[in-house]
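# coords please:
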Amino acid sequence: MGTVFSFDVRGCSGLSRTREALTEAVDFLHHVDRVFSPYREDSEVSRLARGELNPEQCGPDVQEVTRLCEDVVRRTEGWFSPWYAGSGDGWDPTGLVKGWATERAARMLASAAPDTAVCVNGGGDIQLLGGPWRIGLADPLGPGALTAVVEVGADVPEAAVATSGPAERGCHILDPHTGEPPAHPLAAMTVVSSTLTVADAFATAAYAMGDAARSWLEEQPDAEGLATTATGATWQSTGFAHWTN
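You can find the predicted model right below:
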């Protein structure tokens, strides 16, 4: 997927089974890359874009991701879009796939060793199962500094942290309504939820919304957010403080 994944498994009692599960999780992530990468000519996503396949001919993972994308488009009122530049021409679900795949890999590890705490980090987007964990949020305008630390207690069964913005990859998120970069871009948008599928897609949508995401996040029952503006100021949804105590 063009990024680095890391795995942290704590408290495992069955080391051999955990190693097997880790191999299975890594194999799954490579499978996801083969199926969904828009940079691979033989991926199902690329073949769909060229009209060589229709959705009904694709495998179950594509079917699942399609349904998830439809749900996120509805919940974000179109601010998340799996279509290039919002045009409906060229399906690219990668704004959701990395979070979904990272979450799935974490669950594969946890199911193999239910007494463990699992952290899978996919390019800075993190799924946590069990705890405790402390996740530092990098300051997008101050290399080496943090804007906040997310605290996940041992009593929290699952949590996910995702950040969108141009700090690492430059401007790569477009307003799906215009096909252009957001008119008033944030420096970073972090979303915390229970699942990384939601957190990752919502962070992308909220970044595209800009400051309008503040009121939208207040309406979401399963997500909280922290934004850093282009001037270095921050704002957060009401419930975000729960994650930083």
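# Now do the contacts for the residue nearest the centre of the chain.
Geometric centre of the chain, nearest residue: Asp200, 2.4 Å, by C-alpha atoms, centre = their mean. Counting by C-beta atoms under 8 Å, 6 or more residues apart in numbering, Asp200 makes contact with 95-96, 98-100, 102, 125, 160, 162, 191. Yep, even glycine has a C-beta here, placed from its N, CA and C like the rest.
# how about the helices of this protein, start to end?
15-36, 44-49, 60-75, 94-112, 196-209, 213-218 (DSSP state H).
# Give the buried residues for the fourth one.
Of the residues in helix 94-112, those buried under the neighbour-count criterion (16 or more other C-beta atoms under 10 Å) are 94-110, 112.
# List the contacts of Ala213.
189, 205-207, 225, 227.
# Hmm, I typed the wrong one, I wanted Phe5.
By C-beta under 8 Å, 6+ apart, Phe5 lies in contact with 26, 29, 102, 105, 120-123.
# swap the cut-off to 10 Å and go again
25-26, 29, 98, 101-102, 105, 120-123 (C-beta atoms under 10 Å, 6 or more residues apart in numbering).
# Out of these, the closest to Ser6 would be?
Nearest to Ser6 among the contacts of Phe5, counting by C-beta to C-beta, is Asn121 at 4.6 Å.
# Now do the same contact list for that closest one.
For Asn121, the contact set (C-beta under 10 Å, 6+ apart) comprises 3-8, 102, 106, 127-128, 135, 161.
# Point out the ones among those residues that are inside strands.
Using DSSP state E, the members of those that fall in strands are 5-8, 127-128, 135, 161.
# In CSV: the residues you listed, plus distance to Val73 and pLDDT.
Compiled in CSV, these are given as follows (distance: C-beta to C-beta, whole Å; pLDDT from 0 to 100):
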residue, distance to Val73, pLDDT
Phe5, 27, 96
Ser6, 30, 97
Phe7, 31, 96
Asp8, 32, 94
Gln127, 22, 98
Leu128, 26, 98
Ile135, 28, 97
Val161, 22, 98
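# Let's see if you can find the most crowded of these.
Gln127 (31 neighbours; other C-beta atoms under 10 Å).
# That one bridge partners, please.
Val120, Ala160 (DSSP bridges).
# any idea how far it lies from Ala213?
Distance, Gln127 to Ala213, using C-beta to C-beta, to the nearest Å: 22 Å.
# any idea how far Trp100 is from Val32?
With C-beta to C-beta as the criterion, Val32 and Trp100 are 8 Å apart.
# what sits in contact with each of those two?
By C-beta under 10 Å, 6+ apart, the residues touching both Val32 and Trp100 are 61, 65.
# returning to what we had before: leaving out the residues flanking it, which one is nearest to the residue nearest to the centre of the chain?
Sequence neighbours aside, Gly99 is the residue nearest to Asp200 in space, at 2.6 Å (criterion: C-beta to C-beta, 6 or more residues apart in numbering).
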